[in-house]
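Engineer: here is my input, please return the structure:
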Amino acid sequence: MPRRLAIAVPVLTFVLAVGLFALLQRGDGPSSAQTRVESPSLPPNATTDQLIAALRSAVRNGSAGKQPYAQLGAAYLQKSAESGDPVWYESAEKALRAAGRADPSDVAAITGLGNLALSRHDFRAARRLGERARRLEPESNAAFPVLADAQIELGRYDEASRTLQQFVNRRPALPSYARISYFRELQGDLSGAVDAMRLAASAGGSPFNVAAVQVLLGDLEFKRGRLGASRKAYLSSLRDLSNNTDAEAGLARVDAAQGRVTSALRRYRRLAAQPTATAELIREFGELQLAAGQRIRAKRTLSRVRSAEERFSRRGENTDVELAGFEADHGDPRRAVELAARGRAIHPSIRSDHALGWALTQAGRPKEGMRLIDRAIDHGWREPIVLYHAGMTARAIGATGDARRLLRRALAQNPRFSPLYAPRARRALEDLS
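Structural biologist: Okay, the predicted model is just below:
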């Protein structure tokens, strides 16, 4: 198992995704680019839309050289993260490749393309680009976020540990703390993950990224069953950034866990109606409807999950692993196995092991599934849904003792981890007694 990362907090500075770490791939947002854009119409706290407009103008007049292309590409990626819309990927790629043509050694363009590759789940390309950027500018911190994210998602955990330690030693700030939190979460150290994410939230940064880490903090608190702390983090995120879909979805999740089903359904219904609603959000809504006995409505809701994933795949993002999880539970388990196997070949991480393992179990091959899910458990990953899947797989192969132990651990960590699957875990335990 990779060693625990040490967090350094300098005396003078109180100063980590995800997966792919989509919300934080671009370090600390476009603020660094903003300071280099010469435009009398650009206010100090310009929005990403204003920044894009100023950079487009700089590109059109041609007086600012090659630099605006890389900045424009980064701004397009930030816009995609903020809006949840992959339509901006193509514009980002055009701008970043223009910067690369003007100067093949432009590290800003290389790391921008690395961030785009991460957004599209092309982690091998991201790793190559991150290594290239580090070779070109070994004293720069620009390559660390791209490289660390790619190494984690490719299951290269020892490499990621070293990269993250260098990153936080050089720049103890929001981007490094957030990634350390994610790394600790995958090791099963939820308490350490929360500590690191709190440092990230306190370190400051662009409003979008501070709001993003508050959502991630809320997610971590939810996973360890601290619903009050989870709600507090989501509300804090909304104060930092109003109209924050991820924070609203988090509040819906907490509402459901605390028995406020009507409130949760209302929140989910409003969020799922948005054109940029994610497949994960739509699935959560549908599963809550199932848990509430609204089977016809749930079927209608869940039928939208595939089209939501396709919206990203059409823009070049590989969604095989995510779609495999849906197919395993609500679609065709054999199709889930195909998708998960293909996704695991592209990024062989413990997340992919888990996805393929559960797909195999649902497809009637639990012995094969158990071997893969065990890899995630042995690494230390302790997310309640992973423990639930491990317990149900153990039950399917007749390992009654292991099944009881794993299901109990899932419910001990958060007795209400899912309105649909937590009750199933309790019923399975009763049957195993």
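
Engineer: buried sites along stretch 142-161?
Structural biologist: Neighbour-count burial for stretch 142-161 flags 142-157, 159-161 (criterion: 16 or more other C-beta atoms under 10 Å). Using the backbone N, CA and C atoms, a C-beta is placed for each residue, glycine as well.

Engineer: ok, now stretch 365-381?
Structural biologist: Here stretch 365-381 shows 365-366, 368-370, 372-377, 379-381 as buried, counting by 16+ other C-beta under 10 Å.

Engineer: over to stretch 208-227?
Structural biologist: In stretch 208-227, counting by 16+ other C-beta under 10 Å, buried: 208-227.

Engineer: same question for it, mean pLDDT?
Structural biologist: For stretch 208-227, mean pLDDT is 96.

Engineer: in PDB, could you pull the C-alpha coordinates for it?
Structural biologist: C-alpha atoms of stretch 208-227 as PDB (Å, rounded to 0.1, in the frame of the first residue of the first chain):
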ATOM      1  CA  PHE A 208     -15.200  28.300  -8.100                       C
ATOM      2  CA  ASN A 209     -12.400  26.100  -6.800                       C
ATOM      3  CA  VAL A 210     -13.000  27.000  -3.100                       C
ATOM      4  CA  ALA A 211     -16.700  26.100  -3.700                       C
ATOM      5  CA  ALA A 212     -15.600  22.800  -5.400                       C
ATOM      6  CA  VAL A 213     -13.400  21.700  -2.500                       C
ATOM      7  CA  GLN A 214     -16.300  22.400  -0.100                       C
ATOM      8  CA  VAL A 215     -18.400  20.000  -2.200                       C
ATOM      9  CA  LEU A 216     -15.700  17.400  -2.000                       C
ATOM     10  CA  LEU A 217     -15.500  17.900   1.700                       C
ATOM     11  CA  GLY A 218     -19.200  17.400   2.000                       C
ATOM     12  CA  ASP A 219     -18.900  14.200   0.000                       C
ATOM     13  CA  LEU A 220     -16.200  12.900   2.300                       C
ATOM     14  CA  GLU A 221     -18.200  13.700   5.400                       C
ATOM     15  CA  PHE A 222     -21.200  11.900   3.900                       C
ATOM     16  CA  LYS A 223     -19.200   8.800   3.200                       C
ATOM     17  CA  ARG A 224     -18.200   8.600   6.800                       C
ATOM     18  CA  GLY A 225     -21.700   9.100   8.000                       C
ATOM     19  CA  ARG A 226     -21.400  12.700   9.400                       C
ATOM     20  CA  LEU A 227     -24.500  14.100   7.800                       C
END
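
Engineer: run through the stretch 151-300 of the chain and note the low-pLDDT ranges.
Structural biologist: For the stretch 151-300 of the chain, no stretch is flagged by pLDDT under 70.

Engineer: okay, strands next: where are they in it?
Structural biologist: Secondary structure of the stretch 151-300 of the chain by DSSP state E, counting those that start in this stretch: no strands are present.

Engineer: do a quick rundown of the helices in it.
Structural biologist: 157-170, 174-186, 190-203, 207-223, 227-240, 245-257, 261-272, 279-291, 295-302 (DSSP state H, counting those that start in this stretch).

Engineer: tell me what angle the first one forms with helix 190-203.
Structural biologist: Here helix 157-170 runs at an angle of 30 degrees relative to helix 190-203 (axes from the mean of the first three to the mean of the last three C-alpha atoms, to 10 degrees).

Engineer: check which helices and strands helix 157-170 sits against.
Structural biologist: With contacts taken as 3 or more C-beta pairs under 8 Å, 6 or more residues apart in numbering; DSSP states H and E, helix 157-170 sits against helix 143-153, helix 174-186.

Engineer: quick one: which of the helices of the stretch 151-300 of the chain is nearest residue 316?
Structural biologist: helix 279-291 (16.2 Å; C-beta to C-beta).

Engineer: what inclination does that closest one have with respect to helix 261-272?
Structural biologist: Here helix 279-291 runs at 150 degrees with respect to helix 261-272, directions being taken by the same axes, to 10 degrees.

Engineer: report all helices and strands that helix 279-291 contacts.
Structural biologist: Partner elements for helix 279-291 (3+ C-beta pairs under 8 Å, 6+ apart): helix 245-257, helix 261-272, helix 295-302, helix 305-313, helix 320-330.

Engineer: got CSV for the helices and strands packed on helix 157-170, with distance to residue 107 too?
Structural biologist: Conversion of the helices and strands packed on helix 157-170 to CSV gives the following (distance: least, C-beta to C-beta, whole Å):
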stretch, distance to residue 107
helix 143-153, 7
helix 174-186, 16
